[in-house]
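Visitor: model the following, please.
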Amino acid sequence: MLKVEGLSYSIGKAKLLDNISFKVDKGQTLAVVGESGAGKTLLAKLLLGIEPKVGVASGSVSINGHNSRTFSDLQWQKVRGKQIGMVSQEPLSALNPVKRIEWLLKRAIALHHKSGTSFRAGNTALLNQRIDELLEQVGLSSDLKTRYPHQLSGGQRQRLLIALAIVNNPMLLVADEPSTALDPEVRQQILLLLKQIQARTGMAIVLISHDLHMVRQVADQVMVLQQGKVIEHNQALLLFNKPQHEYTQALLRPMHFDPPVSPRQRTLLNVNNLTVDVKSTGWWSAPQRLLDNINFSLNEGESIGIIGPSGSGKSTLAKALLRLIPATGSVYFDGHDWLNEKRRMLRLHRHKIQFVFQDTASSLNPRLTIAQTLTEGCLAQLQTENLSSRLDTIMADVGLPTAFLNRYPHQLSGGQRQRIMIARALILSPKLLILDEPTTALDQENRYRMITLLKSIQEQRQISLVLITHDLTLLQALCHQVLILEQGTQVQRQSVGHWLSAANTYDKKEKEFNHESIGIVA
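Guide: Below you'll find the model as predicted:
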């Protein structure tokens, strides 16, 4: 089905991919795993013929016996979306923001069924039925088809991308982090869905992931990349039972952290009866309630984990705390009535609360260099003293070379952009840091480094954290309490230790979380 031989890609003297070779037969799944910046997404682009023009590629890519390296643009238009489906890493930037979900799916079908088929434009009923079936397959309600991408949660957008990729039953699916933003239960559903489609259609899958544990259930073979080179490639069972390379062994090694230090007794954030209502799309409809009566408090140096299924209101809660969307109730932050703060005072104190968004590609200005991105907030808050040395320090803190300061966001990997966003937040020395899935796009090594960094910052600066996450290791390492949301309602709030002990031991819960994919709420 897919055969790659000696595939390399270079920009100047830098070799980003070096002599990659593998084969995926019909009905097989190849998992490509590696650290952030290893070349996984670049490999996916080469498989789809959308390689960057600034570099030079060599080698061959054969799809169903045809060398795709010789395809014209017209040939690729007929192949992409029909014979090959693609699930991009960042859903918000991959979806047209001004088109409804229904339009996106209809267009994907219409592009490859222009005439002479049951899906031609005249058969609206059959087309709508196909769209409803697709949404149901990926766990989305058919009611969502009238919404725009920004009206979906991160997990819902990810599932929509999968629906778009499988809409025409492709022979090959290239999935770049298809379950990154999903909670464990939905992640399991998506992976099982891909396997069911594969069993029914014989589709070959190239599954790209930074999480070696996640691919364990679905992969037939695993290829481990590091700095653009294949360091280990074996059948999945053999690789997991007897990993040969030291890096592969490190990816499989479990992480353990000491519990977070005790916080101070001074209250920093107090939230009471926080409620968010939004207007419905129809003027005749009543407002829709996204959050209902949320209550919690946070001391200086204390952390709370916000967990729950995709679409439960986690990101909405963060936006309400930041006053990015209207909310009712009361929020007292650092002695200020935050929801009623006037614009001038809000601007003066806004740097005390910083937010790390979930979608890295759409959250960084593509026209600004990394240095300009990091200094933008400092200039707005008039924090310009020792700016150059502060840039060097913050880049070292997040584990990135200072040479990256001259790059643009598109020149970095997803994990590297995630660290830049954390650096952008920390450079203003906030008292409260809200992070939306901060370790989602990070591989094992960088995930360990990021958690260690956040622990160090929390202990040294006594910074408070609101962590929206599905990562149990992050909760165990950083959080003092956990808040569980479901359908916009607060289900439970308790200490992390008590919540983890309810599942007997942390190790058992971590294993279930990664491999058996239990739900967040029992």
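Visitor: shaky segments in the chain?
Guide: Where the chain drops to pLDDT under 70, the residues are 114-122, 180-183, 281-285, 441, 502-522.
Visitor: how's it carved up into domains?
Guide: For the chain, the structural domains run 2-243, 267-516, going by automatic domain parsing.
Visitor: do I have it right that Asn234 meets Ala219?
Guide: No. Judged on CB atoms under 8 Å, Asn234 makes no contact with Ala219 at a distance of 10.6 Å. Every C-beta, even on glycine, is put in place using the N, C-alpha and C of the backbone.
Visitor: those two: who's more crowded?
Guide: Ala219 (24 against 18; other CB atoms under 10 Å).
Visitor: which SS class is the more buried one?
Guide: coil (DSSP: H, G, I helix; E, B strand; the rest coil).
Visitor: so who does it touch?
Guide: 29-31, 207, 236 (CB atoms under 8 Å, 6 or more residues apart in numbering).
Visitor: and the closest residue to it other than its chain neighbours, what does it touch?
Guide: Leaving aside its sequence neighbours, Ala219 sits nearest to Ala31 (CB to CB, 6 or more residues apart in numbering; 3.7 Å). Neighbouring residues of Ala31 by CB under 8 Å, 6+ apart: 207-209, 215, 218-219, 221-223, 236.
Visitor: Ala31 pairs with what?
Guide: Leu207, Val222 (DSSP bridges).
Visitor: just Gln490 next, same as before
Guide: Residues in beta-bridge contact with Gln490 (DSSP bridges): Leu485.
Visitor: re earlier: dump the contacts of Ala31 to a markdown table, plus distance to Val167.
Guide: Listed next are the contacts of Ala31 as a markdown table, based on distance: CB to CB, whole Å:
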| residue | distance to Val167 |
| --- | --- |
| Leu207 | 19 |
| Ile208 | 20 |
| Ser209 | 23 |
| Val215 | 24 |
| Val218 | 21 |
| Ala219 | 24 |
| Gln221 | 27 |
| Val222 | 28 |
| Met223 | 27 |
| Ala236 | 28 |
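Visitor: ok, Gly85 to Met171 distance?
Guide: Using CB to CB, to the nearest Å, we find Gly85 at a distance of 9 Å from Met171.
Visitor: A helix includes Gln358, no?
Guide: No. Looking at Gln358 with three-state DSSP, it is coil, so not inside a helix.
Visitor: quick one: the strands in the stretch 251-400 of the chain?
Guide: Remark: strands assigned in the stretch 251-400 of the chain by DSSP state E, counting those that start in this stretch are 267-278, 288-299, 303-307, 328-333, 336-337, 353-356.
Visitor: quick one, which of these is packed in tightest?
Guide: Most buried of the strands of the stretch 251-400 of the chain, by mean neighbour count (mean count of other CB atoms under 10 Å): strand 303-307, with a mean of 25.
Visitor: show me what it is packed against.
Guide: Secondary-structure packing of strand 303-307 (3 or more CB pairs under 8 Å, 6 or more residues apart in numbering; DSSP states H and E): helix 314-321, strand 464-468, helix 472-478, strand 481-486.
Visitor: now render those as CSV, adding distance to Arg187 and mean neighbour count.
Guide: Listed next are the helices and strands packed on strand 303-307 as CSV, based on distance: least, CB to CB, whole Å; neighbours: other CB atoms under 10 Å:
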stretch, distance to Arg187, mean neighbour count
helix 314-321, 15, 24
strand 464-468, 16, 25
helix 472-478, 13, 23
strand 481-486, 17, 21
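Visitor: and Glu437, which of the ones you listed is closest to it?
Guide: Closest to Glu437 of those, according to CB to CB: strand 464-468, at 6.2 Å.
Visitor: residues making contact with the closest one?
Guide: Contacts of strand 464-468 (CB under 8 Å, 6+ apart): 263, 268-269, 298-307, 314-315, 317-318, 321, 358, 431-438, 454, 458, 474-475, 478-479.
Visitor: quick check: angle from that strand to strand 328-333?
Guide: Angle, strand 464-468 to strand 328-333, by axes from the mean of the first three to the mean of the last three CA atoms, to 10 degrees: 140 degrees.
Visitor: got the CA positions of strand 464-468 in CSV?
Guide: What follows is strand 464-468, C-alpha atoms only, in CSV (Å, rounded to 0.1, in the frame of the first residue of the first chain):
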residue,chain,number,x,y,z
SER,A,464,-0.7,29.5,41.6
LEU,A,465,-1.8,27.2,38.8
VAL,A,466,-5.1,26.3,37.2
LEU,A,467,-4.4,23.3,35.1
ILE,A,468,-6.8,22.0,32.5
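Visitor: tell me the strands beside that strand, with direction?
Guide: Partners of strand 464-468 in its sheet, by DSSP bridges: strand 303-307 (parallel), strand 432-436 (parallel).
Visitor: in CSV, list those along with distance to Gln129.
Guide: Listed next are the strands paired with strand 464-468 as CSV, based on distance: least, CB to CB, whole Å:
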stretch, distance to Gln129
strand 303-307, 36
strand 432-436, 35
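Visitor: between these, which one is closest to Ser72.
Guide: Taking the strands paired with strand 464-468 one by one with CB to CB, strand 432-436 is closest: 41.5 Å.
Visitor: and the contacts of the closest one?
Guide: 154, 268-269, 298, 314-315, 318, 321-322, 333, 352-358, 422, 425-426, 454, 463-469.
Visitor: tell me the helix or strand right after it.
Guide: Moving toward the C-terminus from strand 432-436, the next helix or strand (DSSP states H and E) is helix 444-461.
Visitor: check which helices and strands that next one sits against.
Guide: helix 246-252, helix 414-426, helix 472-478.
Visitor: okay if I get those as a markdown table plus distance to Lys195?
Guide: Shown next, in a markdown table, are the helices and strands packed on helix 444-461 (distance: least, CB to CB, whole Å):
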| stretch | distance to Lys195 |
| --- | --- |
| helix 246-252 | 22 |
| helix 414-426 | 24 |
| helix 472-478 | 24 |
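Visitor: who wins for proximity to Gln129 among these?
Guide: That would be helix 414-426 among the helices and strands packed on helix 444-461, by CB to CB, at 35.4 Å.
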